[in-house]
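Peer 1: no sequence for this one, just the structure:
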Ligand SMILES: Nc1ncnc2c1ncn2[C@@H]1O[C@H](COP(=O)(O)OP(=O)(O)O)[C@@H](O)[C@H]1O
Ligand SMILES: [Mg+2]
């Protein structure tokens, strides 16, 4: 299902993938002992503009490493990584991250947190501030601009994180288990909200999750990573039409896809000789 060969690489060409990884390896080296950990091995994949990709796989299979490499925070050891046909050389304002944990600045209110990235980039002006306000409205926090993080629920805090990531108007949004700390009901609600926001913004999204049903519900395609070393073992097309309501999670095709992804992850986990799927 991968089609990384033979793709024309002119910038702006509609056939140029938004993101293209070719034979990507990431090796961590312990500078004290010299010990090497191969976190990612020979990852080749491409992602289209506006696509919603979920990444699943057992703990330690390199999901976070892959996201950080796309973010430009980690440099690949071998292979290439391109966005719009251009080599990734460190972080850029075309990408923003949404983390799992409470990563909001506690001394700033909602608006202050949302405009923080714009401030860092030296791009805070009347126009970008208005746009930030629009994203606050889009994530459903209109009226909460002056609240501080400790005054918000977990779900609301993740809405702020999402608005903050959107406010810099990135091309790609990178989400590392953003809903993992939420209770089950809030999590489902946020999944639905995220799809609504994605359909309004059409930002290319890479979303890591441990929950297979979350991956199938959100994604156009699910990338399954395997561990030791971390590599791409399968790509699943989610052929369930959009818009998707939460009740599609009871649809037979949905359950079939969940079972399929489980079976691949299970096979990968048993290859490791222990079960760390959680
Ligand atoms: N900074 C680091 N230094 C050394 N090894 C690391 C570092 N970060 C992650 N690793 C190792 O790389 C592998 C992949 O980790 P990670 O990308 O966090 O996986 P995942 O997000 O899928 O759980 C693991 O074996 C982990 O221990
Ligand atoms: Mg991780």
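Peer 2: Received, thanks. Since the structure is predicted, the reported quantities are computational estimates derived from the model, not experimental observations. Ligands and ions are numbered 1, 2, ... in the order given.

Peer 1: now the helices for the stretch 51-200 of the chain?
Peer 2: 63-71, 110-114, 116-120, 126-138, 154-167, 184-201 (DSSP state H, counting those that start in this stretch).

Peer 1: gap between the longest helix along the chain and the chain center?
Peer 2: Longest helix in the chain by number of residues (criterion: DSSP state H): helix 252-271. Its chain's C-alpha centre and that of helix 252-271 lie 20 Å apart, by C-alpha atoms, centre = their mean, to the nearest Å.

Peer 1: Which strands and helices lie in contact with that helix?
Peer 2: Packing partners of helix 252-271 (3 or more C-beta pairs under 8 Å, 6 or more residues apart in numbering; DSSP states H and E): helix 212-218, strand 221-226, strand 231-237. Quick note: C-beta positions are derived from backbone N, CA and C, even for glycine.

Peer 1: With distance to residue 34, mean pLDDT and mean neighbour count as extra columns, can I get those in JSON lines?
Peer 2: Shown next, in JSON lines, are these (distance: least, C-beta to C-beta, whole Å; pLDDT from 0 to 100; neighbours: other C-beta atoms under 10 Å):
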{"stretch": "helix 212-218", "distance to residue 34": "37", "mean pLDDT": "98", "mean neighbour count": "23"}
{"stretch": "strand 221-226", "distance to residue 34": "26", "mean pLDDT": "97", "mean neighbour count": "23"}
{"stretch": "strand 231-237", "distance to residue 34": "23", "mean pLDDT": "98", "mean neighbour count": "18"}
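
Peer 1: Out of these, which gets nearest to ligand 1?
Peer 2: strand 221-226 (6.6 Å; C-beta to the nearest ligand atom).

Peer 1: who's in contact with the residue in the stretch 101-250 of the chain that ligand 1 sits nearest to?
Peer 2: Closest contact between the stretch 101-250 of the chain and ligand 1, by C-beta to the nearest ligand atom, is at residue 230 (5.6 Å). Going by C-beta atoms under 8 Å, 6 or more residues apart in numbering, residue 230 touches 38-41, 43, 57, 60-63, 65-66.

Peer 1: top of those by neighbour count?
Peer 2: Among these, the one with the most neighbours (other C-beta atoms under 10 Å) is residue 66, at 30 neighbours.

Peer 1: where does the stretch 51-200 of the chain come near ligand 2, residue by residue?
Peer 2: For the stretch 51-200 of the chain, the residues in contact with ligand 2 (C-beta under 5 Å from the ion) are 63-64.

Peer 1: list the contacts for whichever residue of the stretch 51-200 of the chain sits closest to ligand 2?
Peer 2: When scored by C-beta to the ion, the stretch 51-200 of the chain has residue 64 as its residue closest to ligand 2, at 3.2 Å. Listed by C-beta under 8 Å, 6+ apart, the contact set of residue 64 reads 176, 208.

Peer 1: Out of the contacts of residue 230, which is nearest to residue 247?
Peer 2: Using C-beta to C-beta, residue 57 comes nearest to residue 247 of the contacts of residue 230, at 27.2 Å.

Peer 1: quick one: that closest one and residue 233, what's the gap?
Peer 2: According to C-beta to C-beta, to the nearest Å, residue 57 and residue 233 sit 8 Å apart.

Peer 1: Pull up the overlap in contacts between these two.
Peer 2: Counting by C-beta under 8 Å, 6+ apart, the common neighbours of residue 57 and residue 233 are 224-226, 268.

Peer 1: Format those as TSV; extra columns: distance to ligand 2.
Peer 2: Below are those laid out as TSV (distance: C-beta to the ion, whole Å):
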residue	distance to ligand 2
224	15
225	10
226	14
268	16
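
Peer 1: Serialize these to a markdown table and add fields for distance to residue 93.
Peer 2: Below are the shared contacts of residue 57 and residue 233 laid out as a markdown table (distance: C-beta to C-beta, whole Å):
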| residue | distance to residue 93 |
| --- | --- |
| 224 | 30 |
| 225 | 27 |
| 226 | 33 |
| 268 | 35 |
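
Peer 1: now, among those, which is nearest to residue 133?
Peer 2: Ranked by distance to residue 133 (C-beta to C-beta), the shared contacts of residue 57 and residue 233 are led by residue 225 at 37.7 Å.
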